[in-house]
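Student: below are the sequence and a predicted model for it; my questions follow.
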Amino acid sequence: QVTLVQSGGGLVQAGGSLTLSCAASGSIVDANCMGWFRQGPGNQREFVAYITWGGHAEYSDSVRGRFTISRDNTKSRVWLQMNDLKPEDTAVYYCAANREGYSDRDQDYDYWGQGTQVTVSS
């Protein structure tokens, strides 16, 4: 069993940066893949990035080059560094863990964080 607790987020002006953190209460050795998703106002939840146990990362086209996902398996933490933020990045961001494979589909993830609001003003 894994419980994910998120921190970070908040209000930032366009062009600014924020870092989201996700801490697992239990070992994330079980989680082969850690991901970040987001849900903007009136939108469905969408993939942002994932990182595998071995450190391979994938990003959505909308954030590639601006966001960086990282993980520390010894500390059971995952981060999402967000740079050059845009108003369209405004959303509730969710950390998630996938025990077996790696995927950009939210239905493939087994555990979810509580969500954290990111608001980017223009």
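Tutor: Cool, the structure landed. Nothing here was measured: the structure is a model prediction, and the numbers come from that model. Numbers count the residues shown, from 1 in each chain.
Student: show me the contacts for Gly35.
Tutor: Contacts for Gly35 (C-beta atoms under 8 Å, 6 or more residues apart in numbering) come out as 47-51, 95-98, 103-104, 109. Heads up, the C-betas are built off the backbone N, CA and C, glycines and all.
Student: mind redoing it with 10 Å?
Tutor: If a contact means C-beta atoms under 10 Å, 6 or more residues apart in numbering, then Gly35 has 22, 47-52, 57-58, 69, 78, 80, 94-98, 102-106, 108-109, 112 as its contacts.
Student: just Gln114 next, same as before
Tutor: By C-beta under 10 Å, 6+ apart, Gln114 lies in contact with 3-7, 22, 92, 94-95.
Student: could you look up the SS state of it?
Tutor: With DSSP: H, G, I helix; E, B strand; the rest coil as the basis, Gln114 sits in coil.
Student: just the pLDDT for it.
Tutor: Gln114 is assigned a pLDDT of 97 by the prediction.
Student: you'd agree Thr68 is up against Thr19?
Tutor: Yes. Thr68 is in contact with Thr19 according to C-beta atoms under 10 Å; the separation is 9.4 Å.
Student: quickly list what's touching both of the two.
Tutor: Counting by C-beta under 10 Å, 6+ apart, the residues touching both Thr68 and Thr19 are 79-83.
Student: what's the local residue count around the residue nearest to Tyr109 when sequence neighbours are not counted?
Tutor: Using C-beta to C-beta, 6 or more residues apart in numbering and skipping the chain neighbours, the partner closest in space to Tyr109 is Ala96 (3.8 Å). By other C-beta atoms under 10 Å, the residues close to Ala96 number 24.
Student: what do you get for Glu100?
Tutor: A count of neighbours around Glu100, defined by other C-beta under 10 Å, yields 11.
Student: ok now do it, which residues does it touch?
Tutor: 30-33, 108, 110.
Student: also Gly15?
Tutor: Neighbouring residues of Gly15 by C-beta under 10 Å, 6+ apart: 83-86, 120, 122.
Student: could I get these as TSV with neighbour count?
Tutor: As requested, the contacts of Gly15 are exported to TSV (neighbours: other C-beta atoms under 10 Å):
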residue	neighbour count
Asn83	14
Asp84	13
Leu85	22
Lys86	14
Val120	19
Ser122	9
